[in-house]
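Undergrad: This is a predicted model, with the sequence first.
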Amino acid sequence: MFRKILIANRGEIAVRLIRACRDLGVSPVAVYSEADRQALHVRLADEACYIGPSPAGESYLAGEKIIDAAQKSGAEAIHPGYGFLSERAWFARAVNDAGLVFIGPSQKSIELMGDKNNARITAQKAGAPIVPGTEQTLSDAAQARKAASRIAYPVMLKASAGGGGKGMRIVNSAEEMNSAFELAGAEAQAAFGDSSLYLEKYIARPRHIEIQVVADRHGNITHLGERECSIQRRHQKVIEECPASFNDPDLRRRMGEAAVEIARMADYDNVGTVEFLVDKQRNFFFLEMNTRLQVEHPVTELVTGFDLVCEQIRIAAGEKLSIRPGDVRWNGSAIECRIYAEDPDHNFIPSAGRITHLRVPSGPGVRDDSGVYQGWEVPIYYDPMISKLAVWGQTRAEAIERMKRALSEYQVGGIRTTIPFFQAVLDDPDFRNGEIDTDYLARFLQQRRAVASKPQNDELIAAAIVASIDFFRNSRTTVKAPSNGVSKWKMAGRIAGRMNGERK
Ligand code: MV4
């Protein structure tokens with residue numbers, strides 16, 4: 001086992017990695033930027049190295065500075081967490097070239113899965129179901145049209161270098177193809193410096209289900225079941241669950257086996273996640289593989305009892321898997337809400353600033369993976385997630401009630417958070433019934449906007465009615481509620497309500 005590990009990340013995940021180091025008797029070394037001088041992860045580590053100015057490009061993304069810090073501190077390994085340098089193949093290679101261990105898969109596996117078209121072909125070779133589509137990248141729009149007529153519209157153009165929703169386009173007919181091909185190619189070129197595209201059949205309103213895999217450097221691979229990640233906003237997950245509410249043991253076994261074979265084909269080691277789309281008929285199709293620890297790993301930990309970060313570190317140290325396929329049991333149900341410093345009432349605009357008050361929930365079945373403390377100022381430079389609130393229950397229904405309890409205990413002063421938004425989702429009948437897909441959140445938010453704007457409509461209609469009553473009474477029109485005219489306003493309100501379809 002390592003004696004010292006450098007944590008190349010910040011926020012809640014840096015704190016999570018430090019905790020794993022403690023559990024393994026390893027000394028954690030933090031790195032921090034200008035904005036993070038007072039951050040929680042800096043306070044919890046044994047040592048901390050300053051790596052540069054606040055913008056991530058000059059600090060958390062500056063690979064050579066981080067490798068330098070590792071060497072100066074005497075760390076033997078680097079854990080990249082998620083985001084930042086975690087899926088940059090060049091960084092994994094640079095770490096190895098510096099004589100250090102990269103806690104993650106090999107540079108080759110990262111590279112292979114980073115190209116979404118190659119990943120797709122790898123999955124196919126592994127015998128996993130892939131979405132019907134092209135096997136090679138497309139050379140022009142004519143070739144795309146030819147392939148699309150074979151696959152049948154609607155289809156989806158995707159960037160080979162893409163992922164996470166960038167450079168993607170739905171194409172409904174041959175007429176749309178030329179412009180869609182140009183636009184998607186240009187977008188991919190601008191975002192990734194690579195314009196190559198491939199084509200897939202478009203799956204309408206699928207679920208996004210992912211399988212957690214774990215592999216050591218001795219050829220042992222197993223899976224830890226699925227997570228339901230369909231509740232997303234602009235390709236960012238906001239609520240995740242383990243297990244998926246629609247899951248059955250047979251589907252889990254088949255998806256798990258497919259994921260394990262894909263990992264084997266990619267010569268994969270360490271933890272990884274294989275993403276699938278699941279259609280209404282419960283067909284599943286490979287989507288992408290994420291070659292890192294995922295944000296939502298706690299729900300799998302709560303249900304299986306394994307510590308994924310400790311497992312990652314042991315694997316990187318050359319140890320064999322501590323998890324045997326036959327040992328994996330799924331106990332109960334877990335839900336995670338990503339608590340963001342964002343204002344859910346104003347289109348989730350980031351709400352950076354000082355946390356003037358903080359009360360964190362606890363009690364049976366509650367886990368809060370936080371990166372903040374009272375008095376700390378949430379910087380504007382990074383992702384504004386402040387904590388991940390995860391709960392466990394015997395059943396999904398119990399987990400939902402516990403999440404509601406935990407959210408009601410959670411108090412954050414000084415900044416806006418997404419806590420009230422989660423409270424509304426947890427009361428939504430569709431969510432409670434598990435009727436979710438990748439469009440769920442867009443539908444939910446649209447519904448909420450309609451409801452929120454209704455009282456405003458009522459007020460406007462009431463004002464118009466009041467003005468009309470005044471007009472017919474031949475009195476001066478005042479659309480302010482006069483203290484002696486309450487009954488008139490009540491009547492107007494009732495008429496307005498009825499006009500809006502309310503039933504008495
Ligand atoms: C799709 C799809 C439907 N059909 N591919 C979005 C992000 C990228 N990783 C792949 N994505 C999708 N690919 C086919 N053939 C729908 C999506 C998609 C989606 C997938 C997972 C979670 C949320 C999503 C939201 C919109 C679209």
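TA: Ah, there it is.

Undergrad: from here on, contacts and neighbour counts on C-alpha atoms
TA: Will do.

Undergrad: if I look at the nearest residue to Val213 once chain neighbours are set aside, how far off is Ala123?
TA: Nearest non-adjacent residue to Val213, counting by C-alpha to C-alpha, 6 or more residues apart in numbering: His223, 4.2 Å away. Distance, His223 to Ala123, using C-alpha to C-alpha, to the nearest Å: 16 Å.

Undergrad: coming back round to it: please tell me the pLDDT value assigned to the residue nearest to Val213.
TA: Note on His223: pLDDT of 98.

Undergrad: Determine the three-state secondary structure at it.
TA: strand (DSSP: H, G, I helix; E, B strand; the rest coil).

Undergrad: contacting residues for it?
TA: Applying C-alpha atoms under 8 Å, 6 or more residues apart in numbering to His223 gives the contacts Ile211, Gln212, Val213, Val214, Gly256, Glu257, Ala259, Val260, Pro325.

Undergrad: Try it again at 7 Å.
TA: Ile211, Gln212, Val213, Val214, Gly256, Val260 (C-alpha atoms under 7 Å, 6 or more residues apart in numbering).

Undergrad: Which of those residues sits closest to the ligand?
TA: Nearest to the ligand among the contacts of His223: Ile211, at 13.4 Å, using C-alpha to the nearest ligand atom.

Undergrad: got the contact list for the closest one?
TA: Taking C-alpha under 7 Å, 6+ apart as the test, what Ile211 contacts is His223, Gly225, Glu226, Arg227, Gly256, Ala259, Thr273, Val274, Glu275.

Undergrad: Run a quick check on Asn117 versus Ser160, I expect a contact.
TA: Yes: using C-alpha atoms under 7 Å, Asn117 is in contact with Ser160, at 5.1 Å.

Undergrad: one step back: now for the contacts of His223: which two are most distant?
TA: Using C-alpha to C-alpha, the two most remote members of the contacts of His223 are Val214 and Gly256, lying 11.2 Å apart.

Undergrad: Report pLDDT for Met156.
TA: Here, the pLDDT recorded for Met156 equals 97.

Undergrad: That one and Val171 touch, don't they?
TA: Yes: if you go by C-alpha under 7 Å, Met156 and Val171 touch, sitting 5.8 Å apart.

Undergrad: Please identify which of the two sits among more neighbours.
TA: Val171 (23 against 20; other C-alpha atoms under 10 Å).

Undergrad: Which residues does that one form beta bridges with?
TA: Val155 (DSSP bridges).

Undergrad: again with Glu342
TA: Following DSSP bridges, Glu342 is listed with bridge partners Pro350.

Undergrad: Would you convert the contacts of His223 into a markdown table that also reports secondary structure?
TA: Output for these, formatted as a markdown table (three-state DSSP):
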| residue | secondary structure |
| --- | --- |
| Ile211 | strand |
| Gln212 | strand |
| Val213 | strand |
| Val214 | strand |
| Gly256 | helix |
| Val260 | helix |
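
Undergrad: and the ligand, which of those reach it?
TA: Among these, no residue is within reach of the ligand (C-alpha under 6 Å from any ligand atom).

Undergrad: So which of those residues is the closest to Ile103?
TA: Relative to Ile103, and with distances defined as C-alpha to C-alpha, the nearest of these is Val214, at 12.9 Å.

Undergrad: which stretch of helix or strand covers the nearest residue to the closest one once chain neighbours are set aside?
TA: The spatially closest residue to Val214, leaving aside those adjacent along the chain, is Val271, at 4.5 Å (C-alpha to C-alpha, 6+ apart). Applying DSSP states H and E as the criterion places Val271 in strand 270-278.

Undergrad: Then Ala259?
TA: Applying DSSP H and E as the criterion places Ala259 in helix 249-265.

Undergrad: Which strands or helices does that helix pack on?
TA: helix 116-125, strand 207-215, strand 221-233 (3 or more C-alpha pairs under 7 Å, 6 or more residues apart in numbering; DSSP states H and E).

Undergrad: how does it look with 6 Å?
TA: Counting contacts by 3 or more C-alpha pairs under 6 Å, 6 or more residues apart in numbering; DSSP states H and E, helix 249-265 is packed against no other helix or strand.

Undergrad: got the CA coordinates for that helix in PDB?
TA: Extracted in PDB, the C-alpha atoms of helix 249-265 (Å, rounded to 0.1, in the frame of the first residue of the first chain):
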ATOM      1  CA  PRO A 249     -32.700  -9.400 -11.400                       C
ATOM      2  CA  ASP A 250     -32.600 -10.800 -15.000                       C
ATOM      3  CA  LEU A 251     -32.100  -7.400 -16.700                       C
ATOM      4  CA  ARG A 252     -29.500  -6.500 -14.100                       C
ATOM      5  CA  ARG A 253     -27.600  -9.700 -14.700                       C
ATOM      6  CA  ARG A 254     -27.600  -9.200 -18.500                       C
ATOM      7  CA  MET A 255     -26.600  -5.600 -18.300                       C
ATOM      8  CA  GLY A 256     -23.900  -6.500 -15.700                       C
ATOM      9  CA  GLU A 257     -22.500  -9.200 -17.900                       C
ATOM     10  CA  ALA A 258     -22.400  -6.900 -20.900                       C
ATOM     11  CA  ALA A 259     -20.600  -4.200 -18.900                       C
ATOM     12  CA  VAL A 260     -18.000  -6.700 -17.600                       C
ATOM     13  CA  GLU A 261     -17.300  -8.000 -21.200                       C
ATOM     14  CA  ILE A 262     -16.900  -4.400 -22.400                       C
ATOM     15  CA  ALA A 263     -14.400  -3.700 -19.600                       C
ATOM     16  CA  ARG A 264     -12.600  -7.000 -20.500                       C
ATOM     17  CA  MET A 265     -12.400  -6.000 -24.100                       C
END
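
Undergrad: Now do the SS call for the closest residue to the ligand within the stretch 301-450 of the chain.
TA: Going by C-alpha to the nearest ligand atom, the ligand is nearest to Thr438 of the stretch 301-450 of the chain, at 4.7 Å. Following three-state DSSP, Thr438 is assigned to coil.

Undergrad: What parts of the stretch 101-250 of the chain come near the ligand?
TA: 131, 156, 163-165, 200-204, 208, 230, 232, 235.

Undergrad: Sort out which of those are buried, if you could.
TA: Buried by 16 or more other C-alpha atoms under 10 Å: Val131, Met156, Gly163, Glu200, Lys201, Tyr202, Ile203, His208, Ser230, Gln232, out of these.

Undergrad: okay, those residues in JSON lines with distance to Ala390 next?
TA: Output for these, formatted as JSON lines (distance: C-alpha to C-alpha, whole Å):
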{"residue": "Val131", "distance to Ala390": "32"}
{"residue": "Met156", "distance to Ala390": "34"}
{"residue": "Gly163", "distance to Ala390": "26"}
{"residue": "Glu200", "distance to Ala390": "35"}
{"residue": "Lys201", "distance to Ala390": "35"}
{"residue": "Tyr202", "distance to Ala390": "33"}
{"residue": "Ile203", "distance to Ala390": "30"}
{"residue": "His208", "distance to Ala390": "19"}
{"residue": "Ser230", "distance to Ala390": "17"}
{"residue": "Gln232", "distance to Ala390": "17"}
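
Undergrad: And the residues you listed, which is the shakiest by pLDDT?
TA: Within those, lowest confidence goes to Gly163 (76).

Undergrad: Pull the number of nearby residues for the residue lying closest to that one once chain neighbours are set aside.
TA: Spatial nearest neighbour of Gly163, chain neighbours left out: Lys116 (7.0 Å); criterion: C-alpha to C-alpha, 6+ apart. Using other C-alpha under 10 Å, Lys116 is surrounded by 22 other residues.

Undergrad: before we move on, the earlier item: double-check the residue nearest to Val214 against Gln212; I have them as touching.
TA: No: under the criterion of C-alpha atoms under 6 Å, Val271 is not in contact with Gln212, lying 7.3 Å apart.

Undergrad: Look up which residues are beta-bridged to Lys388.
TA: For Lys388, the beta-bridge partners are Arg338, Asp369 (DSSP bridges).
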